[in-house]
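*Asks:* sequence and predicted model, in that order:
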Amino acid sequence: MHLIACPWCGPRDEVEYAYGGEGHIARPARPEALSDGAYADYLFMRRNPKGVHAERWVHAAGCRRWFNVLRDTVSHRILAVYKMGEPRPEAGP
Ligand SMILES: [Zn+2]
């Protein structure tokens, strides 16, 4: 069992959550001004780091709110959980 601490509900089993991809992906201000390649990069190209990764998660079987998680992809250890709109915290040891 892996616990994820929803910012609103507290720690819950991972089965209550759904992964939503990489966090902090900003929609282009003027997408119509982008080339097809640049727009495809925005839509599909994501980082796949070995180590600390900022991710979006949703508490699908709970409050249904979205939030960000800073997770180490090697150890699966969750380093931080923070609400949407909050800045990405520094990754701790
Ligand atoms: Zn929740």
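*Replies:* Structure received.

*Asks:* which bits of the chain sit near the ion?
*Replies:* Near the ion, the residues belonging to the chain are 6, 8-9, 59, 62-63 when assessed by Cβ under 5 Å from the ion. (Each C-beta comes from the backbone N, C-alpha and C, glycine too.)

*Asks:* quick one: the helices in the protein, in order.
*Replies:* Along the chain, counting by DSSP state H, helices occupy 36-44.

*Asks:* so which residues of this protein form strands?
*Replies:* In the chain, strands defined by DSSP state E lie at 3-6, 10-13, 18-22, 52-58, 66-72, 78-83, listed in chain order.

*Asks:* ok, and for the last one, which residues are buried?
*Replies:* Using 16 or more other Cβ atoms under 10 Å as the burial criterion, the residues of strand 78-83 that qualify are 78-82.

*Asks:* how about TSV for these, with distance to D36 and pLDDT added?
*Replies:* Output for these, formatted as TSV (distance: Cβ to Cβ, whole Å; pLDDT from 0 to 100):
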residue	distance to D36	pLDDT
I78	37	95
L79	36	95
A80	36	95
V81	36	96
Y82	34	96
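
*Asks:* and those as a markdown table, adding distance to V15?
*Replies:* Output for the buried residues of strand 78-83, formatted as a markdown table (distance: Cβ to Cβ, whole Å):
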| residue | distance to V15 |
| --- | --- |
| I78 | 15 |
| L79 | 21 |
| A80 | 21 |
| V81 | 17 |
| Y82 | 22 |
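
*Asks:* can you tell me which of these is nearest the ion?
*Replies:* Proximity of the buried residues of strand 78-83 to the ion (Cβ to the ion) peaks at V81, which lies at 10.4 Å.

*Asks:* which residues sit against stretch 26-39?
*Replies:* The set of residues that contact stretch 26-39 without belonging to it, under Cβ atoms under 8 Å, 6 or more residues apart in numbering, is Y42.

*Asks:* tell me the pLDDT of the nearest residue in space to H24 that is not next to it in sequence.
*Replies:* Of all residues not flanking H24 in the chain, A54 sits nearest, at 5.5 Å (Cβ to Cβ, 6 or more residues apart in numbering). What the model reports for A54 is a pLDDT of 96.
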